[in-house]
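> Take a look and give me a structure for this.
(chains A and B)
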Amino acid sequence: MSEERSLNFIEEIIEADLAAGKNDGRVLTRFPPEPNGYLHIGHAKSICLNFGLAQRYGGKTNLRFDDTNPVKEDVEYVDSIKEDVKWLGFDWAEELYASDYFDKLYDLAVELIKQNLAYVDDSTAEEIAVQKGTPTEPGIANEFRSRSVEENLVLFADMKAGKYPDGAKVLRAKVDLAAPNMQLRDPLMYRIKHAHHHRTGDAWCIYPMYDFAHGQSDAIEEITHSICTVEFIPHRPLYEWFIERLQLFPSKQYEFARLNLNYTVMSKRKLLQLVEDGHVDGWDDPRMPTISGLRRRGYTPASIREFCERIGVAKRENMIDVGLLEFCIREDLNKTAWRRMAVLDPVKLVITNYEEGKTELFHGENNPEAEGGDGSRAFNFGREIWIEREDFMEVPAKKYFRLSIGGMVRLKNAYIVKGESVVKAADGNITEIHCTYIPESQSGNDTSGINVKGTIHWVSVEHGKTAEVRLYDRLFQVEDPSSEDGDFKDYINPNSLQVLPAAYIEADLANAKIGTPVQFMRKGYFTLDKTSTADKLVFNRTVTLKDGWVKK
RNA sequence: UGCCUGAUAGUAUAAUGGUAGUACGACGGUUUUUGGUACCGUUUGUCUAGGUUCGAAUCCUGGUCGGGCAACCA
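Below is the predicted model of the structure:
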């Protein structure tokens, strides 16, 4: 690794730890998703960070599901998370579940009770909330806080045995009801939920809370660097409190700022709403910032990893411009995607001096960025072709250098043509453009001496195929929907999806494969949608090409 | 109004007491059979007021502003 990139603050910590000989030079991180939703680009940041750190420092990363709340979790999510992490290009050392530790966690809770550092509380959720006080007023102890160790032991065992209904009792840590840090005001450790768990089935009716599961799981696995987002900073003293009292492996928690992307939302709760309310096609709708959505949209793992590398890691609030994500996918696809021609908004061009019924076979490079063009493919030319409606202006604007009446343009890999006249429908809409071609101007054998400024793409009317093309725009109309007044869904972009039922594509595109990106020349990068069939091809636009042409 | 955090170009992110740099964006140019790519150039920044120091983005003090914390969520 000869890169000169400066270290982020977590890398600095790890290098200092390594230099100091901590953990015998071992680096073990973990990616700890709760299986209650699909992973999104924000998780990708965490995944790249955790797995990337381990790779960089010769360590390992566990995939651990934080499955302590059975009513919200599901195997569907477990499966999707595993698929997404793998797709992003990472291998975990071990696949683990917080639920693997339910027995150990229970024993640790008993241990804490024996130390008189935990107690069973019969109060209702509302009572506990009131007794916790407010940030400016200390909490107050209730009568349950002084229960004897013996009584707590019996009560907790009875909780486990299913003697009480949901919500009847909880186990709380006895920390400090007057702590200025609210997280320390006797936080809940266990609650009763008679619910079926996706892994442990009906074996348990009490489940540990995050604070009594996450840190302990880290310690059990001997995670060296437990990296989470900044909202867990106030939990860190509690994390350490449990580790100290229970004399567990001293995992250390470090916090970084989560990713925010503009023009979208980044919370599983909000994304779930979009799915459930039918604003999108599902978790993998190409407009979603989910990993599966980006995949379906045509993003590559490499582009997402590059994005995560470029955004950096720090603690301050941030709002990343989605333009950076787009830059990353363009940068990747430019080097790899084969070029093809497709006309999305067609208008017929008739070449009046081209022999009727004649066809010529022309060739075009697959990718001009690659050595030797990465091979080439052939396509037919004929008297009638489709061109993009926006590539013609009856009366050209200044500095417009595509086709116009009297103006000349090159048809990519074919001839130079000159606009002659237009045929219009009653409503004034152009239905046909008539032009003439310069026979000596054929690509590769151009002896015409004519130099044209513009080159446009085209598809033969006779030989081209049709396909449905879906164009996507940002899902929201405002940069930060969550910070606007009212419901975030009020700011959904009504034009985020535009379906073109019948675009014309060059014949070779019938061989397109799902997962293989293609550039529609001058229009952007596209990929076959999963709903595509041999009879009906469906392409998703991944991203447009950068457009330097600005109309005045 | 308690505690915890953070503040560097438009957006991110470096500089770890010693020339404020990089990327994306924007703008301009060269090349181009993609108005793409590539290449070159320009532009804009240390929240504020004091203090320490030969020297402060960096250390100290006060203020301002942003984010988080009072779920039987994670």
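> how much space between the nearest residue to A:A178 once chain neighbours are set aside and RNA strand B?
Excluding its sequence neighbours, the residue lying closest to A:A178 (CB to CB, 6 or more residues apart in numbering) is A:P138, at 3.7 Å. (C-beta placed from N, C-alpha, C; glycine too.) Using CB to the nearest atom of the strand, to the nearest Å, A:P138 is found at 9 Å from RNA strand B.
> Tell me where the stretch 1-150 of chain A has strands.
Secondary structure of the stretch 1-150 of chain A (DSSP state E, counting those that start in this stretch): strands at A:28-31, A:60-65, A:95-97, A:118-121.
> can you give me how far stretch A:483-499 is from the chain middle?
18 Å (CA atoms, centre = their mean, to the nearest Å).
> same deal with stretch A:247-256?
On CA atoms, centre = their mean, the centre of stretch A:247-256 falls 28 Å from that of its chain.
> quick revisit: and the residue nearest to A:A178, how many neighbours?
A:P138 has 13 neighbouring residues, counting by other CB atoms under 10 Å.
> you'd agree it is up against A:L177?
Yes - applying CB atoms under 8 Å, one finds A:P138 in contact with A:L177, separated by 6.4 Å.
> which one of the strands of the stretch 1-150 of chain A lies closest to RNA strand B?
Comparison of these against RNA strand B by CB to the nearest atom of the strand identifies strand A:118-121 as nearest, at 7.5 Å.
> Neighbouring strands of that closest one in the sheet, and parallel or not?
Strand A:118-121 has the following strand partners under DSSP bridges: strand A:170-173 (antiparallel).
> who does the very next helix or strand once past the strand it pairs with touch, helix- and strand-wise?
Scanning forward in sequence from strand A:170-173 by DSSP states H and E, the next helix or strand is strand A:188-192. With contacts taken as 3 or more CB pairs under 8 Å, 6 or more residues apart in numbering; DSSP states H and E, strand A:188-192 sits against helix A:102-114, helix A:149-161, strand A:170-173, strand A:206-208.
> Contacts for strand A:188-192 next, please.
The contact list for strand A:188-192 (CB atoms under 8 Å, 6 or more residues apart in numbering) reads A:109, A:112, A:118, A:128, A:156, A:159, A:164-173, A:205-209, A:211-212.
> Can you tell me which residues in the stretch 351-500 of chain A are near RNA strand B?
Where the stretch 351-500 of chain A comes near RNA strand B, counting by CB under 7 Å from any atom of the strand, the residues are A:367-369, A:399-402, A:410, A:412-413, A:441-444, A:446, A:454-457, A:483.
> Generate a ChimeraX selection restricted to the buried entries among those.
Here is the ChimeraX command that selects the buried residues among those (16 or more other CB atoms under 10 Å):
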select /A:367,400,402,410,412,413,441,442,443,455,456,457
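> Now do the buried residues in stretch A:392-408.
Going by neighbour count (16+ other CB under 10 Å), the buried part of stretch A:392-408 is A:392, A:396, A:400, A:402-405, A:407-408.
> which residues touch A:R245?
Residues counted as contacts of A:R245 (CB under 8 Å, 6+ apart) are A:112, A:115, A:117.
> Looking at stretch A:491-507 now, give me its mean pLDDT.
Mean pLDDT, stretch A:491-507: 97.
> do stretch A:422-440 as well
On average, the pLDDT along stretch A:422-440 is 97.
> Run the chain-centre distance for it.
With CA atoms, centre = their mean, you get 44 Å for stretch A:422-440.
> Report the buried residues of that stretch.
A:433-438.
> Between the two ends of stretch A:292-310, how far is it?
Start and end residues of stretch A:292-310 are separated by 21 Å (CA to CA, to the nearest Å).
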